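Q: missing the sequence, but the structure's below:
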């Protein structure tokens, strides 16, 4: 009879999964909004406002370095919040990550500029960017787990894709705020006070996110881990000791989904303006349309992953990206605006397959006792590597005289790494959903257990 003790947790598989998924998606949207918002404004206002004495080039460089700083500290945040997620719980940790991100973003909107307080504002800005980076390091893994560990096996891959909607939602919201603000206010007023408004908007968004995450309960998977006394004391070390191969697979599988965004939305925009002669407005419209399309394709790819397996969807996404990479960049040389939009859409849809199914793939690679740490660190490390993609592509472009194929080399390389990693993942057995349920594989089993409790 003692073996039946964990069954109440299993029964809670019938909890309102959609509400949990919404809570995870809204939280990742806030995190993405805050993170992308700073990237937009750093190019225009952060340098002059906080680093003015360094001169135009020095101030711009310092602003971009504050972006890079948040990427560098993400693995540290993954270790910290991964530990909390595996020891204290998924829900409690996600409350911390979203609160830190929202508060840090709001405080940026209250910082004194160099003209008001000298270097104090710049120092505080760097501190807040570190907080943002740490927070983001623990957000993604927890959002995936809060969605997947509250769903049954049959739909787990679909719900793993729902938090992935946060990235395009956050990107679209931050771009919209930037466009509206620059359309309504002249540059002088934005520099004087208007730049604070978008950052202060994070506070009401934070309250909504906190309410949604406070209203959900802990996952039955983590409750089972606690009930059975299986919490790992040092999950960061255990994941490398017990699953070193899975860690390598997870990092490689994440590379295309994250790195393609850096390439398409950062480097390709700059390349299109500087080398191909497109207008900034044309490229922003093309990338925004791509982001809107992701709102449709991510759930569709998640549903497909539920039928054929997450790793297989990542494989097809990586293979498709590899096949269209060089033709896409070749056509870009001669593109009119409609062809530009079509090229950006095709170039966005296929990597999105790898992105949408990534959470499900990584969830299946690791046991529940250190799953939060493993997902968070693997994703954060892949994101840190991807942060250098624009620079590497620029360096290759300079070395080749900006030959039409140079961005394709980087995208193809990421595609090959992700393709191989996902193929290896597809040949591995998924980790059991619960240690007490090693054969978890069908919804009816959970329904019967729920009825018997």
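A: Yes, it's here. Please read these numbers as outputs of a predicted model, since none were measured by experiment.
Q: my guess is residue 172 meets residue 290, correct?
A: No - Residue 172 is beyond contact range of residue 290, at 10.0 Å (criterion: CB atoms under 8 Å). Backbone N, C-alpha and C define where each C-beta goes, glycine included.
Q: So which of the two has more stuff around it?
A: Remark: of residue 172 and residue 290, residue 290 carries more neighbours, 23 against 20, as counted by other CB atoms under 10 Å.
Q: need the contact list for the more buried one.
A: 264, 344, 345, 348 (CB atoms under 8 Å, 6 or more residues apart in numbering).
Q: Residue 234 now?
A: residue 83 are the contacts of residue 234 under CB under 8 Å, 6+ apart.
Q: Okay, it and residue 86: tell me how far apart.
A: 10 Å (CB to CB, to the nearest Å).
Q: With residue 346 instead?
A: Between residue 346 and residue 86 the computed distance is 40 Å (CB to CB).
Q: So those two - more neighbours on which side?
A: For residue 346 versus residue 86, neighbours defined as other CB under 10 Å are more numerous around residue 86 (30 against 16).
Q: Surely that one touches residue 367?
A: No - between residue 86 and residue 367 there is no contact under CB under 8 Å: 10.4 Å.
Q: Flag every buried residue along the host helix or strand of residue 135.
A: Using DSSP states H and E, residue 135 sits within helix 120-148. The neighbour-count check on helix 120-148 (16 or more other CB atoms under 10 Å) flags 121-122, 124-126, 128-148 as buried.
Q: With stretch 166-186 instead?
A: If you call a residue buried by 16+ other CB under 10 Å, then stretch 166-186 has these buried ones: 166-175, 177-178, 181, 185.
Q: And stretch 219-233, by the same measure?
A: Using 16+ other CB under 10 Å as the test for burial, stretch 219-233 gives 219, 220, 221, 222, 223, 224, 225, 231, 232.
Q: Stretch 61-74 now?
A: Buried residues in stretch 61-74, defined by neighbour count with 16+ other CB under 10 Å: 62, 63, 64, 66, 67, 70, 71, 73, 74.
Q: returning to what we had before: quick check, nearest of the buried residues of stretch 166-186 to residue 406?
A: Distance to residue 406, by CB to CB, is smallest for residue 171 among the buried residues of stretch 166-186, at 24.8 Å.
Q: and that closest one, backbone torsions?
A: Main-chain torsions, residue 171, degrees, to the nearest 10: phi -70, psi -40.
Q: Ok, residue 119 next?
A: Torsion angles, degrees, to the nearest 10, at residue 119: phi -80, psi -10.
Q: For it, give me the pLDDT.
A: pLDDT recorded at residue 119 is 91.
Q: Likewise for residue 136?
A: At residue 136, pLDDT is 87.
Q: Isn't it up against residue 33?
A: No - when contacts are counted by CB under 8 Å, residue 136 is not listed as touching residue 33 (11.7 Å).
Q: State the number of residues packed around the nearest residue to residue 318 once chain neighbours are set aside.
A: Excluding the flanking residues, the one nearest residue 318 by CB to CB, 6 or more residues apart in numbering is residue 419, at 3.8 Å. By other CB under 10 Å, 23 other residues sit near residue 419.
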